[in-house]
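Visitor: sequence below, structure please.
(4 chains, ligands or ions: 4)
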Protein chains: 2
Amino acid sequence: MTSETRPMQADDGGLVGFHKHDHKSCVETGLKNAEARCSAEGLRLTPVRRKVLEMLLQEHRALGAYAILDRLREEGFGSQPPVAYRALDFLVENGFVHKIERLNAFVACAHPGASHSPAFMICRKCEAVAETHSATAKGVLGAAAKAAGFEIERTVVEAEGICPDCTEKAQ
Amino acid sequence: MTSETRPMQADDGGLVGFHKHDHKSCVETGLKNAEARCSAEGLRLTPVRRKVLEMLLQEHRALGAYAILDRLREEGFGSQPPVAYRALDFLVENGFVHKIERLNAFVACAHPGASHSPAFMICRKCEAVAETHSATAKGVLGAAAKAAGFEIERTVVEAEGICPDCTEKAQ
DNA sequence: GGCATATATGATATGGAATAACATGACAAG
DNA sequence: CTTGTCATGTTATTCCATATCATATATGCC
Ligand SMILES: [Zn+2]
Ligand SMILES: [Zn+2]
Ligand SMILES: [Zn+2]
Ligand SMILES: [Zn+2]
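Guide: Residues are numbered from 1 along each chain as shown, chains lettered A, B, ... in the order given. Ligands and ions are numbered 1, 2, ... in the order given. The predicted structure follows:
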């Protein structure tokens, strides 16, 4: 099957971005989880880092580095690009946040704690982003890589299209 | 429509980037193909567009827009960003070139003429890029999308890792 | 506590990617 | 010849990202 510690399923809430849900708890538990994991693993969830994670949990869409930076400035943190990028680097490295390559932007991870190869669905109308998981390395691509002797370390899987809400509205 | 006429297979030469091959013919046939398709479909393969495609066929790796721009300048074409971006837009829209989101860079398509959802393997050491195809929309992600009511229009599938050559050299 | 070391932040500067907006040129249709 | 369309050229600006140096803050050891 897919993942080692806590395998995910297609219906286990992976599509937060497209559905109604208890958003306040969504943010709170996200932060709680991060705090727990950081203290468990000796990582330092400093104020800037915590704030950036909070911002990203707040939205269920991707934020660009400069949007993040603007908000950091408003909150009294440093206002130069490296401030945002360093916080993002930390969060991405430790799996709290993912980068959406297609958008050059960032989203909070929807499956904190689980080891996973994330996959994303990006609505090109409303820019909502939903995270699910991919098994790319085990599918066609994995076979091709194996055949070629290419060693996969990381995969980027992003689907662009129209989310259910926008499809509905368009009717 | 560029049609479901010639589906690809996992072993049909999709890994050009990692293997020795007749590179001169590689470029020539690439350009011939493009010319043929353009005149068949009423597209205009103008000098800039042709030059950019040639450059990308020449390399088997991704080139950034500004690298392309530099060479265009050397060849006497316009030297401002839009010159390169417009040519690239044309080539990407018509399937002659793909954008590698992970690198913010561009490669010539290795399967010209065939309708396909490309997938890429990117070596993080030598930056070689090999194109193969993905069936993402039919795999786990496709199922999740269907379940969520998300309509996939396009997929980005990019695997980062180490190519066979670099693995070998490292021994 | 005091001090050395590592880590995190602040601030400056620069480079690279991408697009908006406007002007000009080539060319075909009317 | 005029008009419309498409491609190109040019200017300017915005957004994304990193290198570098200086300062502060935490942590571990004496
Ligand atoms: Zn995730
Ligand atoms: Zn939408
Ligand atoms: Zn292709
Ligand atoms: Zn390599």
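Visitor: any idea how far the residue of chain A positioned farthest from its centre is from A:Lys138?
Guide: Ranked by distance from the centre of chain A (C-alpha atoms, centre = their mean), the top residue is A:Ala147, with 30.6 Å. Distance of A:Ala147 to A:Lys138, given as C-beta to C-beta, to the nearest Å: 14 Å. Every residue, glycine included, has its C-beta placed from N, CA and C.
Visitor: in the strand or helix carrying A:Gly30, what's buried?
Guide: Per DSSP states H and E: A:Gly30 is located in helix A:23-41. Buried residues in helix A:23-41, counted by 16 or more other C-beta atoms under 10 Å in any protein chain shown: A:Cys26, A:Val27, A:Gly30, A:Leu31, A:Asn33, A:Ala34, A:Arg37, A:Cys38.
Visitor: what pairs with the top strand by length along chain A, parallel or antiparallel?
Guide: Determined from DSSP state E, the single longest strand within chain A is strand A:151-162. Each strand that pairs with strand A:151-162, with its direction, by DSSP bridges: strand A:118-123 (parallel), strand B:151-162 (antiparallel).
Visitor: quick revisit: name the residues contacting each of A:Ala147 and A:Lys138.
Guide: Residues touching both A:Ala147 and A:Lys138 (C-beta atoms under 8 Å, 6 or more residues apart in numbering or on different chains): none.
Visitor: show me where chain A dips below the pLDDT cut-off.
Guide: Residues of chain A that meet the criterion pLDDT under 70 lie in A:1-17.
Visitor: flag every residue of it that's near ligand 1.
Guide: A:Cys109, A:His111, A:Pro118 (C-beta under 5 Å from the ion).
Visitor: ChimeraX command for the buried members of those residues?
Guide: Buried subset of the residues of chain A next to ligand 1, written as a ChimeraX selection, criterion 16+ other C-beta under 10 Å:
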select /A:109,111,118
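Visitor: now chain A against ligand 4: closest residue?
Guide: With C-beta to the ion as the measure, A:Phe150 is the residue of chain A nearest to ligand 4, at 8.8 Å.
Visitor: distance of the residue lying closest to that residue once chain neighbours are set aside from B:Phe150?
Guide: Leaving aside its chain neighbours, A:Phe150 sits nearest to B:Met121 (4.7 Å; criterion: C-beta to C-beta, 6 or more residues apart in numbering or on different chains). From B:Met121 across to B:Phe150, the span is 26 Å (C-beta to C-beta).
Visitor: state the number of residues packed around A:Tyr51.
Guide: Rather than Tyr, residue A:51 is Lys. 17 (other C-beta atoms under 10 Å in any protein chain shown).
Visitor: tell me how far it lies from ligand 1.
Guide: 20 Å (C-beta to the ion, to the nearest Å).
Visitor: quick check: closest non-adjacent residue to that residue.
Guide: Here the residue nearest A:Lys51, using C-beta to C-beta, 6+ apart, is A:Glu75, at 6.1 Å.
Visitor: with A:Ala65 instead?
Guide: Nearest residue to A:Ala65 in three dimensions, chain neighbours excluded: A:Ala84, at 5.0 Å (C-beta to C-beta, 6+ apart).
Visitor: who does the strand or helix carrying that neighbour touch, helix- and strand-wise?
Guide: If you go by DSSP H and E, A:Ala84 is part of helix A:81-93. Applying 3 or more C-beta pairs under 8 Å, 6 or more residues apart in numbering or on different chains; DSSP states H and E, we find helix A:81-93 packed against helix A:47-58, helix A:65-74, strand A:97-100, strand A:105-108.
Visitor: quick one on the thing from earlier: with distance to A:Ile100 added, can I get the strands paired with strand A:151-162 in CSV?
Guide: Shown next, in CSV, are the strands paired with strand A:151-162 (distance: least, C-beta to C-beta, whole Å):
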stretch, distance to A:Ile100
strand A:118-123, 6
strand B:151-162, 9
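Visitor: pick the most deeply packed of the ones you listed.
Guide: Mean neighbour count (mean count of other C-beta atoms under 10 Å in any protein chain shown) peaks for strand A:118-123 among these, with a mean of 26.
Visitor: that one close to DNA strand C?
Guide: No. Strand A:118-123 lies out of reach of DNA strand C by C-beta under 7 Å from any atom of the strand, never closer than 14.6 Å.
Visitor: go on, stretch A:79-97?
Guide: Yes. On the criterion C-beta under 7 Å from any atom of the strand, stretch A:79-97 is in touch with DNA strand C at A:Ser79, A:Gln80, A:Pro81, A:Pro82, A:Val83, A:Arg86, A:Ala87, A:Phe90.
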